[in-house]
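>>> compute the structure for the input listed below.
(one chain, ligands or ions: 1)
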Amino acid sequence: MTKRMIVGVDIGGTTIKIALLDPNGEIITKTQIPTPVSEGEDAIIGKMTNTIDQLMAEQGFTKEEAYGIGIGVPGPVDTDTGFVYEAVNLGIKDTALKAKTEALTGLPTYVENDANAAALGEMWRGAGQGTDNLVAITLGTGIGGGIIIDGKIVHGVKGVGGEIGHVTVNPDGPLCNCGKKGCMERYGSATAIILGIETAAKEGRSAYLAKQLAEKGSLTAKDAFDAAAEGDLVAQEVIDQAAFYTGFGLSHIANLLNPAKIVIGGGVSAAGDALFSLIRKSFDTYTWKIAADSCEILPATLGNDAGVIGAGWLVKQGESK
Ligand SMILES: [Zn+2]
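As a prediction, the model looks like this:
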């Protein structure tokens, strides 16, 4: 029977997203289930493979028609062996994800870090189309990143390559979860923006933000952009700082790698030009002109589907080897 379908999976700390894709990366159908984090790795893998079986049966696909399974996970991975060193949000460590999934499904399985998978997804079907030299970052709770050079993800020796969120942008900056000071993620992530406006509200530096905080109990990154649009100078200052350090951090990446595109996704990127124009300004200030002029900075276009589509790309690439 001819092969005509790829399985793409994105395992996150809250949900496992599963999609069936055609060989061009078009989603045929998709679903998601809660990640059973407290039940351990075998439950996570078992529920994932059961759901894959179900989805294939619903769509009338046999195992013989599937090229294989691609999986993105939130942590460093050995992509040759499909071994997950650690995924803190999944509560798993030293997990033979590829071997276990292949044993349960009989399908060839490919494993990649989730941010790298999202970058591959954007290259294949999203804002990164047309180049194989690109960098993708996600501005969310933290800052995830993926670097693609000549069509290949940069992994490094322990799978930590592409962790752009932990580029130091201020040696005297605040402490990061990674143990260092002044990481880009401490300025450009949603978490950092929220901390900035909530602190300003509590310290009484902005009556507008203080009122918002009192009404809502907590604030979001969108509240910062809304407040700035209303003319709140303190919120604008927090956004200016977030964009400055993000552009500054990205300038180092561009000076090193000279990518054709930097694709920015995640919740914060929804702010659009109010954010992108400021990032661009800072980026242009610190990037060598040739590298700056040859680099587009674009919003990601695949949203939450980037991970499953990029996971599918792993399978396609594996097939062509
Ligand atoms: Zn860090």
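>>> so residue 131, which of the three states?
Using DSSP: H, G, I helix; E, B strand; the rest coil, the structure places residue 131 in coil.
>>> which ones are touching it?
123, 259, 260, 261 (Cβ atoms under 8 Å, 6 or more residues apart in numbering). C-betas here are computed from N, CA, C, even on glycine.
>>> what's the answer for residue 118, then?
Residue 118 sits next to 72, 136, 138, 144, 146, 265, 300, 302, 306, 307, 310 when contact means Cβ under 8 Å, 6+ apart.
>>> just the residues you listed now: which is nearest the ion?
Lowest distance from the ion to the contacts of residue 118 (Cβ to the ion) belongs to residue 144, with 12.0 Å.
>>> and that closest one, that one's in a strand?
Yes: note on residue 144: a strand contains this position according to three-state DSSP.
>>> low-confidence ranges, this protein, go.
1, 320-321 (pLDDT under 70).
>>> tell me which parts of it are close to the ion?
Applying Cβ under 5 Å from the ion, we find that the chain lies next to the ion at 166, 176, 178, 180, 183.
>>> circling back: make JSON lines from the contacts of residue 118 and add neighbour count and secondary structure to it.
Listed next are those as JSON lines, based on neighbours: other Cβ atoms under 10 Å; DSSP: H, G, I helix; E, B strand; the rest coil:
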{"residue": "72", "neighbour count": "29", "secondary structure": "strand"}
{"residue": "136", "neighbour count": "32", "secondary structure": "strand"}
{"residue": "138", "neighbour count": "27", "secondary structure": "strand"}
{"residue": "144", "neighbour count": "25", "secondary structure": "strand"}
{"residue": "146", "neighbour count": "31", "secondary structure": "strand"}
{"residue": "265", "neighbour count": "28", "secondary structure": "strand"}
{"residue": "300", "neighbour count": "22", "secondary structure": "coil"}
{"residue": "302", "neighbour count": "22", "secondary structure": "coil"}
{"residue": "306", "neighbour count": "32", "secondary structure": "helix"}
{"residue": "307", "neighbour count": "32", "secondary structure": "helix"}
{"residue": "310", "neighbour count": "32", "secondary structure": "helix"}
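>>> residue contacts, residue 267?
139, 140, 190, 221, 222.
>>> ok, now with 7 Å
Residue 267 makes contact with 139, 140, 190, 221 under the criterion Cβ atoms under 7 Å, 6 or more residues apart in numbering.
>>> what's the closest of those residues to residue 95?
Nearest to residue 95 out of the contacts of residue 267 is residue 140 (Cβ to Cβ; 23.4 Å).
>>> any idea which element the most centrally placed residue in the chain lies in?
With distances taken as Cα atoms, centre = their mean, residue 115 lies nearest the centre of the chain, 3.8 Å away. Residue 115 is part of helix 114-125 when elements are defined by DSSP states H and E.
>>> repeat for residue 264
According to DSSP H and E, residue 264 maps onto strand 261-265.
>>> could you list the buried residues of that strand?
When burial is assessed from 16 or more other Cβ atoms under 10 Å, strand 261-265 yields the following buried residues: 261, 262, 263, 264, 265.
>>> just list whatever residues bridge to the last one.
Following DSSP bridges, residue 265 is listed with bridge partners residue 138.
>>> what's the neighbour count on residue 153?
23 (other Cβ atoms under 10 Å).
>>> same check on residue 178?
Neighbour number of residue 178 under other Cβ under 10 Å is 13.
>>> what's the closest non-adjacent residue to it?
In this structure, residue 178 finds its nearest non-sequential neighbour in residue 166, 5.1 Å apart by Cβ to Cβ, 6 or more residues apart in numbering.
>>> now do the one you found against residue 241, distance only.
As judged by Cβ to Cβ, to the nearest Å, residue 166 and residue 241 stand 18 Å apart.
>>> what of residue 104?
Here the criterion is Cβ to Cβ. By it, residue 104 lies 48 Å from residue 241.
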